[in-house]
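In: My questions are about this predicted structure, shown below with the sequence.
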Amino acid sequence: MWEIVQSVWRAVLEILILTVGIYSAFRFVRGTRGAPVVTGFLVVLLTLALASYLLKLVVLQYFLPGFSAFFVLAVL
């Protein structure tokens, strides 16, 4: 029972931390000329991730973490 509670709270905490981080990044970029670029890149990245997951495209799933790391560096 205790393990289930720990795993649920850990997942909730991770989601909360990611939500705050993503919201802060969007708030930082919002209102600048780069906002449409960031939004467009995220839409493309999420679409590719969803398509690769649903269609089980293994090679694309292999390369997506690299694209995500590049996106973080490009935003900085």
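Out: Now that the structure is in, tell me what you want to look at. Since the model is a prediction, treat every value here as computed from it, not as a measurement.

In: Show me which positions of stretch 43-58 end up buried.
Out: Neighbour counts using 16 or more other C-beta atoms under 10 Å place 48, 49, 52 of stretch 43-58 among the buried residues. Placement of C-beta: from N, CA and C, glycine included.

In: okay, these in TSV with distance to residue 30 and secondary structure next?
Out: Shown next, in TSV, are the buried residues of stretch 43-58 (distance: C-beta to C-beta, whole Å; DSSP: H, G, I helix; E, B strand; the rest coil):
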residue	distance to residue 30	secondary structure
48	24	helix
49	23	helix
52	28	helix
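
In: how about TSV for those, with pLDDT and distance to residue 34 added?
Out: Rendered in TSV, the data for these read as follows (pLDDT from 0 to 100; distance: C-beta to C-beta, whole Å):
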residue	pLDDT	distance to residue 34
48	87	21
49	87	22
52	88	26
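
In: residues in contact with the helix or strand of the chain with the lowest mean pLDDT?
Out: Taking mean pLDDT, DSSP states H and E as the measure, the chain has helix 58-75 as its least confident helix or strand, at a mean of 79. Contact partners of helix 58-75, identified using C-beta atoms under 8 Å, 6 or more residues apart in numbering, comprise 25, 29, 34, 38, 41, 42, 45, 48, 49, 51, 52, 53.

In: For the residues you listed, which two are the farthest from each other?
Out: For these, the maximum inter-member distance is 27.8 Å, found between 34 and 53 (C-beta to C-beta).
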